[in-house]
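# I would like the atomic coordinates for the input below:
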Amino acid sequence: MSVKKLRVMVAKPGLDGHDRGARVLARCFRDAGFEVIYTGCHQTPEQIAAGALQEDVDVVGLSCLSGAHRYLFPEVKRLLVERGADDIQVVGGGIIPEQDFQALRDAGIAEIFTPGTTLDSIVEWFNTHVQPRR
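Numbers count the residues shown, from 1 in each chain. Got it, this is the predicted structure:
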């Protein structure tokens, strides 16, 4: 029996066009052996949730540097839950003040990665905390 690779979607919600970090993470995840779907910039929460369902991903990694994370991250999670995919984990990263962490976690965001977090520690978190859905 073969082990299923994690399927990871990396997405840039909202109007934030700074995607270098997201592209670095997508490549890092690919190099770690994950299957990666990168949506590109300027995605709506609806597009991200629909894409996550269509691609049958295990986890969605959202990147936001614009300050809109308090709305965008929970909205993606809400839409996934609404569509019966509450088992798809959502994580976030970017310029996120520590005082926002609890509100994001309360909204179902599994983890938050901020600048300075090493790629190795992010991959380790995924390997430890994300299980294939099927």
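
# quick check: longest helix in this structure by residues?
Under DSSP state H, the helix in the chain containing the largest number of residues is helix 69-82.

# after that helix comes which helix or strand?
Heading C-terminal from helix 69-82, the first helix or strand you meet, by DSSP states H and E, is strand 89-94.

# direction included, what does that following strand pair against?
The strands beside strand 89-94 in its sheet (DSSP bridges) come out as strand 59-64 (parallel), strand 109-113 (parallel).

# quick one: buried residues of whatever helix or strand comes next after that strand?
Using DSSP H and E, the helix or strand that follows strand 89-94 towards the C-terminus is helix 101-106. Along helix 101-106, these residues count as buried under the neighbour rule (16 or more other C-beta atoms under 10 Å): L104. No exception for glycine: its C-beta is placed from N, CA and C like everyone else's.

# same deal with stretch 25-41?
L25, A26, C28, F29, A32, F34, E35, V36, I37, Y38, T39.

# Q131 contacts I88, doesn't it?
No: in this structure Q131 lies outside contact range of I88 using C-beta atoms under 8 Å: 11.3 Å.

# so which of the two has more stuff around it?
Higher neighbour count among Q131 and I88: I88, with 24 against 12, using other C-beta atoms under 10 Å.

# where does the more buried one land on pLDDT?
We note a pLDDT of 98 for I88 in this prediction.

# please report how far it lies from A50.
Plainly put, I88 is 12 Å away from A50 if you go by C-beta to C-beta, to the nearest Å.

# noted, bye for now.
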